[in-house]
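In: next input, structure requested:
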Amino acid sequence: RGRAWHSAVLHGPGRNRAALPRVSAYVAMLPVDAKPYLGGRRPDSPLSLADAATLDYDDPLKRPTLSRLDRAARARRWRERLPLLEEDPREDELERWPPAEENAPPFPDLTPL
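Out: Predicted coordinates for the structure are as follows:
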């Protein structure tokens with residue numbers, strides 16, 4: 001009771017005061033059919049930065065020209081371990097790999113979907 005956002009729990013928005021590192025994952029929930037949420041915009045208009053996969057979403061002059069990523073494009077980005085945004089570096093372009101991934105794949109037993 002009252003512990004969901006305690007700073008020693010392995011997730012939460014505040015400062016981590018625990019001895020262990022904190023890990024979190026965020027899920028963007030977007031509707032398959034965005035039409036009811038778009039008002040007068042095109043049916044393939046992105047609903048968010050993640051939905052557009054580019055920082056151009058924040059540019060009011062470029063936003064009207066952007067399209068949503070379809071299911072196949074999202075699956076491809078996930079399979080190929082591409083970054084969320086086009087402007088972000090790919091994993092092979094990073095100076096160093098995340099901890100525990102320096103010498104081996106992160107999930108050797110992970111099977112394709």
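In: you'd agree Asp51 is up against Arg68?
Out: Yes - the pair Asp51 / Arg68 is scored as a contact, 5.3 Å apart, by C-beta atoms under 8 Å. From N, CA and C alone the C-beta is placed, and that goes for glycine too.
In: show me which of those two is the more surrounded one.
Out: Per other C-beta atoms under 10 Å, whichever of Asp51 and Arg68 has more neighbours is Arg68, with 21 against 18.
In: so that one is in contact with Asp44, correct?
Out: Yes - when contacts are counted by C-beta under 8 Å, Arg68 is listed as touching Asp44 (5.2 Å).
In: report pLDDT for Asp59.
Out: pLDDT, Asp59: 90.
In: what's the neighbour count on it?
Out: 12.
In: for the one 4 residues further on, same thing?
Out: Other residues lying near Arg63 total 15 when counted by other C-beta under 10 Å.
In: in this structure it contacts Asp51, no?
Out: No - with contact defined as C-beta under 8 Å, Arg63 does not count as touching Asp51 (11.2 Å).
In: intersection of neighbour lists for the two?
Out: Tyr57 (C-beta atoms under 8 Å, 6 or more residues apart in numbering).
In: flag every buried residue along the worst-scoring helix or strand of the chain on mean pLDDT.
Out: The weakest-scoring helix or strand in the chain, judged by mean pLDDT, DSSP states H and E, is helix 49-52 (a mean of 82). Under the neighbour-count criterion of 16 or more other C-beta atoms under 10 Å, helix 49-52 has 50-52 buried.
In: try stretch 61-79
Out: By 16+ other C-beta under 10 Å, the buried positions in stretch 61-79 come out as 66, 68-69.
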